[in-house]
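J.: When you get a sec, could you give me coordinates for this:
(chains A and B)
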Number of protein chains: 2
Amino acid sequence: MTGFLLAGVQFEPVLGDPAANAEASGHWVREAARRGARLVVLPEASSAGYMFADRAEALRYAESVPGGPVYSAWAALAAELDLWIVAGITELAGERLYNSAVLIGPHGHLGTYRKAHLWNAEQEVYDRQQDGFPVFDTPLGRIGIGICYDAWFPETFRSAALRGADLLALPSNWVPVPGQPADAPTMANLMCMTGAHSNQFYVAGISRTGVERGQPFIGSSLIVGPSGWPLAGPAGGDGQELVLAEVDLIGSRAERHGNPFNQPLADRRPELYETGVPDVPR
Amino acid sequence: MTGFLLAGVQFEPVLGDPAANAEASGHWVREAARRGARLVVLPEASSAGYMFADRAEALRYAESVPGGPVYSAWAALAAELDLWIVAGITELAGERLYNSAVLIGPHGHLGTYRKAHLWNAEQEVYDRQQDGFPVFDTPLGRIGIGICYDAWFPETFRSAALRGADLLALPSNWVPVPGQPADAPTMANLMCMTGAHSNQFYVAGISRTGVERGQPFIGSSLIVGPSGWPLAGPAGGDGQELVLAEVDLIGSRAERHGNPFNQPLADRRPELYETGVPDVPR
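T.: Below you'll find the predicted structure:
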């Protein structure tokens, strides 16, 4: 039996209050565990919030991985509750500052992913990672990670899939997108759905709600199955809630990669693809 | 004034009857011209239908480009009506057989795209192209082309965008996808929408209706704007119809590539991406 319950925690981290965020996220992780979850995904920037005015402010709340206070609270929970956590964290590594996500298991730190695509003013706050898209092997399956704007780049999903990911966990702080029709699904949700479908793997896009310094967040967290359709969610745009879905990362491999309808990894033509710098007319 | 009316023709090509297809597609191209269209996109395999039993049968209806009978009918129309046509064609090139799409202008042949990703039994019918994803410069803008299953590979959209396409024309014969919920948009439509959004260009996914040898086609043709939302369609799943949208391939360049919200081409991290052969656990 390789199936398990995957939980996403859509909550409201508080800017500049790591202790409050450890407490609030801990409440939700305990609730997910009570419901039977083995893997819990938290939003981007769950340790200290998102809307830092500048690098100096972010540095005040950044922490080391492993070892920092919110990291350590999550690691203690993972050990106590015998589960895995993926969570967005403001990471200090020497003098470098990253918008990161950690993967923690019952026995501690399993890996850190640092956001590859820095969105907007993030480019003035965080350092750019040079690590690519690592995939982490766990007893639940192989977990790749992206963060929010990374999902706007199909290369994120594809890179993780090509490295054998069964799931892309996508801690996010989704914001309103210009041009989004009121009655349509959010574009962020569509990116998760097509990312899952075109790679035949699971995607957990877990976002936050609330407002920070005038920036609203849109929730809409969802868990997508390998066919591209939501298994849970999208959650609402306002409230705090869990999204919960039964998944089977390992047990679905044969069916996913032997899909008679399409084989989106095996049918690729990498020798034909443009991958470099754009040649865009202005 | 660089804007113009783009038309997609959702019709029902007949298997093995090029003369009937030249006639029927001609009717729709004339109707599109009457409505004011300058660029008309026809479905995949518009010259001779799709569900060939084998390569030998497809070879009976394949034609040379330029020069073949259906090609020549379209070229005559483009000249007479002073417009551009993108249309799926069963192409014979020497001894090689391709599932292709031609781009024809008022003055004749502008380019041929051969389907890169062969779906299912197509692999036993057609040859595999080695040309990649050419982009063709026209007075209307730069036009890239994909065909149907190519849209399951985000590399198709990206390759065309990196070569400076303003529009990806996607002649298609979309079929029902397993797992598609009855009340949700078709996955093919979502691939077009996220392909447009993550490349900030136009996508015209033009499909067919009807049934060939037991294979139903689902129509659902649409024209998507650079924000990722449909400008026209999706059309119905049964009927024959035009989808029509005002577009501005050239005049939108500055805004598309300078989008303050995201710059999906400029923000890429090509040095971090996996592009090769999958390392997939079984």
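J.: My assumption is that A:Val29 lies in a helix; please confirm.
T.: Yes: according to DSSP: H, G, I helix; E, B strand; the rest coil, A:Val29 belongs to a helix.
J.: dump the residue contacts of it.
T.: A:9, A:40, A:42, A:74, A:77, A:81, A:83, A:85 (C-beta atoms under 8 Å, 6 or more residues apart in numbering or on different chains). Backbone N, C-alpha and C define where each C-beta goes, glycine included.
J.: so the last one, which of the three states?
T.: It stands for A:Ile85. strand.
J.: Please name the nearest non-neighbouring residue to it.
T.: Of all residues not flanking A:Ile85 in the chain, A:Ile104 sits nearest, at 4.7 Å (C-beta to C-beta, 6 or more residues apart in numbering or on different chains).
J.: so what's the one you found up against?
T.: Taking C-beta under 8 Å, 6+ apart, one finds A:71, A:74-75, A:78, A:84-87, A:110 in contact with A:Ile104.
J.: that older thread, want to try JSON lines for the contacts of A:Val29, with distance to B:Val277, pLDDT and secondary structure as columns?
T.: JSON lines is the format used below for these (distance: C-beta to C-beta, whole Å; pLDDT from 0 to 100; DSSP: H, G, I helix; E, B strand; the rest coil):
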{"residue": "A:Val9", "distance to B:Val277": "36", "pLDDT": "98", "secondary structure": "strand"}
{"residue": "A:Val40", "distance to B:Val277": "33", "pLDDT": "99", "secondary structure": "strand"}
{"residue": "A:Leu42", "distance to B:Val277": "33", "pLDDT": "98", "secondary structure": "coil"}
{"residue": "A:Trp74", "distance to B:Val277": "36", "pLDDT": "98", "secondary structure": "helix"}
{"residue": "A:Leu77", "distance to B:Val277": "39", "pLDDT": "98", "secondary structure": "helix"}
{"residue": "A:Leu81", "distance to B:Val277": "38", "pLDDT": "98", "secondary structure": "helix"}
{"residue": "A:Leu83", "distance to B:Val277": "34", "pLDDT": "98", "secondary structure": "coil"}
{"residue": "A:Ile85", "distance to B:Val277": "32", "pLDDT": "99", "secondary structure": "strand"}
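J.: Tell me where chain A has helices.
T.: A:18-35, A:55-61, A:69-81, A:122-125, A:154-162, A:187-197, A:253-257 (DSSP state H).
J.: okay, these in CSV with distance to B:Gly237 next?
T.: Formatted as CSV, these follow (distance: least, C-beta to C-beta, whole Å):
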stretch, distance to B:Gly237
helix A:18-35, 39
helix A:55-61, 50
helix A:69-81, 48
helix A:122-125, 42
helix A:154-162, 27
helix A:187-197, 19
helix A:253-257, 27
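J.: and of those, who's closest to B:Asn189?
T.: helix A:187-197 (9.7 Å; C-beta to C-beta).
J.: Mind listing what's buried along the closest one?
T.: Of all the residues in helix A:187-197, those buried under the rule 16 or more other C-beta atoms under 10 Å in any protein chain shown are A:187-197.
J.: How about stretch A:271-281?
T.: A:272-274, A:278, A:280.
J.: What distance separates the opening and closing residues of it?
T.: Stretch A:271-281 has its terminal residues 24 Å apart, counting by C-alpha to C-alpha, to the nearest Å.
J.: Give me the distance from it to the chain's centre.
T.: When distances are taken as C-alpha atoms, centre = their mean, to the nearest Å, stretch A:271-281 is centred 27 Å away from the chain's centroid.
J.: what does the average pLDDT come to for that stretch?
T.: Averaging the model's pLDDT scores along stretch A:271-281 yields 83.
J.: Over to stretch A:177-188?
T.: 87.
J.: Check whether that stretch comes near chain B.
T.: Yes: Stretch A:177-188 is in contact with chain B by C-beta under 8 Å from any C-beta of the partner chain, via A:177-181, A:184, A:187.
J.: on that earlier part again, same list, the buried residues of stretch A:271-281, but only the ones touching chain B.
T.: Among the buried residues of stretch A:271-281, chain B is touched by A:272-274, A:278, A:280 when using C-beta under 8 Å from any C-beta.
J.: quick one: A:Thr90 and A:Ala48 touch, right?
T.: Yes: using C-beta atoms under 8 Å, A:Thr90 makes contact with A:Ala48 at a distance of 4.7 Å.
J.: Find residues that contact each of those two.
T.: A:58, A:61-63.
J.: Closest to chain B out of the residues you listed?
T.: For these, the minimum distance to chain B (C-beta to the nearest C-beta) is 19.7 Å, reached by A:Ala58.
J.: Could you export the contacts of A:Val29 as CSV, including neighbour count?
T.: CSV is the format used below for those (neighbours: other C-beta atoms under 10 Å in any protein chain shown):
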residue, neighbour count
A:Val9, 27
A:Val40, 32
A:Leu42, 30
A:Trp74, 26
A:Leu77, 20
A:Leu81, 18
A:Leu83, 23
A:Ile85, 29
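J.: now these as a markdown table including distance to A:Asp54?
T.: Below are the contacts of A:Val29 laid out as a markdown table (distance: C-beta to C-beta, whole Å):
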| residue | distance to A:Asp54 |
| --- | --- |
| A:Val9 | 28 |
| A:Val40 | 31 |
| A:Leu42 | 25 |
| A:Trp74 | 26 |
| A:Leu77 | 31 |
| A:Leu81 | 37 |
| A:Leu83 | 36 |
| A:Ile85 | 29 |
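J.: residue ranges with poor pLDDT in the stretch 151-282 of chain A?
T.: Residues of the stretch 151-282 of chain A meeting the criterion pLDDT under 70: A:261, A:282.
J.: ok so, going back, tell me the most packed of the residues of stretch A:177-188 next to chain B, by neighbour count.
T.: Highest neighbour count within the residues of stretch A:177-188 next to chain B, by other C-beta atoms under 10 Å in any protein chain shown: A:Met187, with 22 neighbours.
J.: what sits against it?
T.: Applying C-beta under 8 Å, 6+ apart, the residues near A:Met187 are A:177, A:180, B:193-194, B:197, B:228.
J.: how near is the nearest residue to it once chain neighbours are set aside to B:Val177?
T.: Computed as C-beta to C-beta, 6+ apart, the closest residue to A:Met187 that is not its neighbour in sequence is A:Val177, at 5.1 Å. The gap separating A:Val177 from B:Val177 is 26 Å, by C-beta to C-beta, to the nearest Å.
J.: before we move on, what about A:Gln129?
T.: Taking C-beta to C-beta, one finds A:Gln129 at 35 Å from B:Val177.
J.: cool, and A:Pro139?
T.: When A:Pro139 is compared with B:Val177 (using C-beta to C-beta), they lie 32 Å apart.
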